[in-house]
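A.B. asks: Next one to model:
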Amino acid sequence: MKKIILFLFVAFSTSLVAQKSYYTKKGAVAKGYDVVAYFNNEPKQGTKEIALEYDGVQFYFSSQENLNTFKANPTKYVPQYGGFCAYAMGAKGSKVPVNPETFEIRDGKLYLFYNKGNTNTLTLWTKEGAKELKDKADKNWTKITNK
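C.D. replies: As a prediction, this is how the structure comes out:
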């Protein structure tokens, strides 16, 4: 009995850590958008019917082909900073929700951004220096995920 309880505790704890490290609105990373489709410059909504659990969270895909592509190399397609806003992570080390249609592929990685009303953080990211903000975001994300 103790072994079962310990197993459940470890499994639950690992799941909570993964979920805290990802922005999973609408039940999946990137608000359910297909993370592989971004690399074709076509943000598309994925579906629950074509889904995969990876790293303790759900990823939705728009096609079986994209799901298979993800399975072959998931780390290539997982959004940076768990799918939280790259600009906010660089500027303040904050976990801020995103608009999944506002994105950038930089150095083969997917970055998502907040974009609502008059605030488009992709524009700010570019204007204020994407390289410097990316370097700061990498450091901030490391601090957050190592807590």
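A.B. asks: From now on I want contacts and neighbour counts done on CA atoms only, so please keep to that.
C.D. replies: OK.
A.B. asks: quick one: F61 and F70, what's the gap?
C.D. replies: 9 Å (CA to CA, to the nearest Å).
A.B. asks: what residues are shared contacts of those two?
C.D. replies: V36 (CA atoms under 8 Å, 6 or more residues apart in numbering).
A.B. asks: Looking at those two, which one has more neighbours?
C.D. replies: Higher neighbour count among F61 and F70: F61, with 25 against 21, using other CA atoms under 10 Å.
A.B. asks: Look up phi and psi at that one.
C.D. replies: For F61, the backbone dihedrals (degrees, to the nearest 10) come out as phi -130, psi 150.
A.B. asks: which residues does it contact?
C.D. replies: F61 is in contact with 32-36, 45-48, 50-51, 67, counting by CA under 8 Å, 6+ apart.
A.B. asks: are any of these buried, and which?
C.D. replies: Using 16 or more other CA atoms under 10 Å as the burial test, these include 32-36, 45-47, 50-51, 67 as buried.
A.B. asks: Filter the residues you listed down to the ones in helices?
C.D. replies: When these are checked against helices (DSSP state H), the matches are L67.
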